[in-house]
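S.K.: Build me a model:
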Amino acid sequence: MKKSTNIVFALAIAHTAVFAGESAPLRIPAKVDFSTCNKPTWPKESLAKEEAGAVILSFLISTEGKVIDAKVLQTSGKPLLDQAAMEGIRQCRFSPITVGGKAVEDWQRMQYIWALEDPSREEIAAHELLRKQDFRGAAKMMRVAAEKGRPQAQFKLAGLLVNGDGVEQDAKDAVEWLKKSAAQMYAPAMGVYGTVLLKQGNADKEAFDLLSDGAAKEDTNSMYMLGVCYEEGRGTAVDLVQAKHWYARAATKGHAEAQAALDEINQASK
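M.R.: Coordinates of the predicted model:
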């Protein structure tokens with residue numbers, strides 16, 4: 001099961017007092033006030049690749065608790081994640097560093113972890129209930145997980161809403177959950193929501209971009225619909241070479257409609 005993402009903050013790494021004959025003045029490290037800033041945003045490219053890691057940063061904190069400067073001390077191995085963490089946290093306010101009870105301007109180390117979580121307990125419960133054909137119970141658990149921002153749960157709840165399984169059928173609400181899931185780069189949702197946008201007919205460019213990202217993540221439906229975009233000029237210029245490429249990619253994954261579309265283009269070119 002694909003893991004969804006969640007950002008986990010770590011506490012600042014404290015500096016300990018150094019003893020040299022007599023006790024040095026007590027140094028109390030700066031602490032971040034996360035209520036003063038938004039959490040760093042996962043870069044779209046990194047999220048698509050499901051990149052994770054921990055970066056160690058250093059912030060120059062003023063005596064008023066403002067960030068004056070920032071730098072990466074130890075990379076997570078993912079430059080985009082490093083930059084996003086640094087730029088996000090530098091918007092926060094800190095409690096100032098104090099030495100001997102007096103606020104001082106100094107550097108403070110901090111670790112930031114971009115982590116992938118396992119499925120939530122609500123999702124696990126929902127899948128077990130689905131296995132038992134308890135759609136009402138599954139829909140309830142799936143909604144709890146979806147409201148917590150879990151992209152897989154949002155996608156599956158959309159499916160339950162479309163079919164009316166365990167809930168009142170509601171296509172409009174289903175589309176809203178699809179949109180939320182797709183916004184988190186969950187590939188199956190990107191493929192389905194992109195298809196919905198194409199059918200609505202007023203957001204072809206957005207649909208094309210979604211399907212391109214979904215196809216890059218190996219979602220079969222996205223590949224097929226991306227082929228449709230290139231063949232019909234939806235959100236992009238007509239390009240039969242690209243259309244054939246994506247139809248062929250989807251066809252190799254067993255997509256029957258993609259194979260039929262590829263055969264039709266090949267037959268027309270003879």
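
S.K.: and for stretch 146-156, what are the contacting residues?
M.R.: Residues outside stretch 146-156 that contact it (CB atoms under 8 Å, 6 or more residues apart in numbering): 1-2, 4, 119-120, 122-123, 126, 142-143, 145, 157, 177-178, 180-181, 184-186, 188-189, 192. Placement of C-beta: from N, CA and C, glycine included.

S.K.: and that stretch, which residues are buried?
M.R.: Judged by neighbour count (16 or more other CB atoms under 10 Å), stretch 146-156 contains these buried residues: Ala146, Arg150, Pro151, Gln152, Ala153, Gln154, Phe155, Lys156.

S.K.: Likewise for stretch 97-115?
M.R.: By neighbour count on 16+ other CB under 10 Å, the buried set for stretch 97-115 is Ile97, Thr98, Ala103, Asp106, Trp107, Gln108, Arg109, Met110, Gln111, Tyr112, Trp114.

S.K.: Just the mean pLDDT for that stretch, thanks.
M.R.: Regarding stretch 97-115, the rounded mean pLDDT is 88.

S.K.: Run through the residues that contact the nearest residue to Lys217 once chain neighbours are set aside.
M.R.: Setting aside the residues directly before and after it, Lys217 is nearest to Ala187 in space (CB to CB, 6 or more residues apart in numbering), at 4.0 Å. The contact partners of Ala187, taken as CB under 8 Å, 6+ apart, are Asp213, Gly214, Lys217, Glu218, Asp219, Ser222.

S.K.: what two of these are the furthest from one another?
M.R.: Of all pairs drawn from these, the one with the longest distance (CB to CB) is Asp213 and Glu218, at 11.2 Å.

S.K.: And the two? Which one has more around it.
M.R.: Neighbour totals were compared for Asp213 and Glu218, and Asp213 leads with 22 against 11 (other CB atoms under 10 Å).

S.K.: Quick check: buried residues in whatever helix or strand Tyr230 lives in?
M.R.: Applying DSSP states H and E as the criterion places Tyr230 in helix 220-232. When neighbours are counted by 16+ other CB under 10 Å, the buried residues of helix 220-232 are found to be Thr220, Asn221, Ser222, Met223, Tyr224, Met225, Leu226, Gly227, Val228, Cys229, Tyr230, Glu231.

S.K.: Next, work out how far apart the fifth one and Leu211 are.
M.R.: Spelled out, it's Tyr224. According to CB to CB, to the nearest Å, Tyr224 and Leu211 sit 9 Å apart.

S.K.: re the thing from before, kindly reformat the buried residues of stretch 97-115 as JSON lines containing distance to Ile265.
M.R.: Conversion of the buried residues of stretch 97-115 to JSON lines gives the following (distance: CB to CB, whole Å):
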{"residue": "Ile97", "distance to Ile265": "66"}
{"residue": "Thr98", "distance to Ile265": "71"}
{"residue": "Ala103", "distance to Ile265": "70"}
{"residue": "Asp106", "distance to Ile265": "66"}
{"residue": "Trp107", "distance to Ile265": "61"}
{"residue": "Gln108", "distance to Ile265": "60"}
{"residue": "Arg109", "distance to Ile265": "58"}
{"residue": "Met110", "distance to Ile265": "55"}
{"residue": "Gln111", "distance to Ile265": "53"}
{"residue": "Tyr112", "distance to Ile265": "49"}
{"residue": "Trp114", "distance to Ile265": "42"}
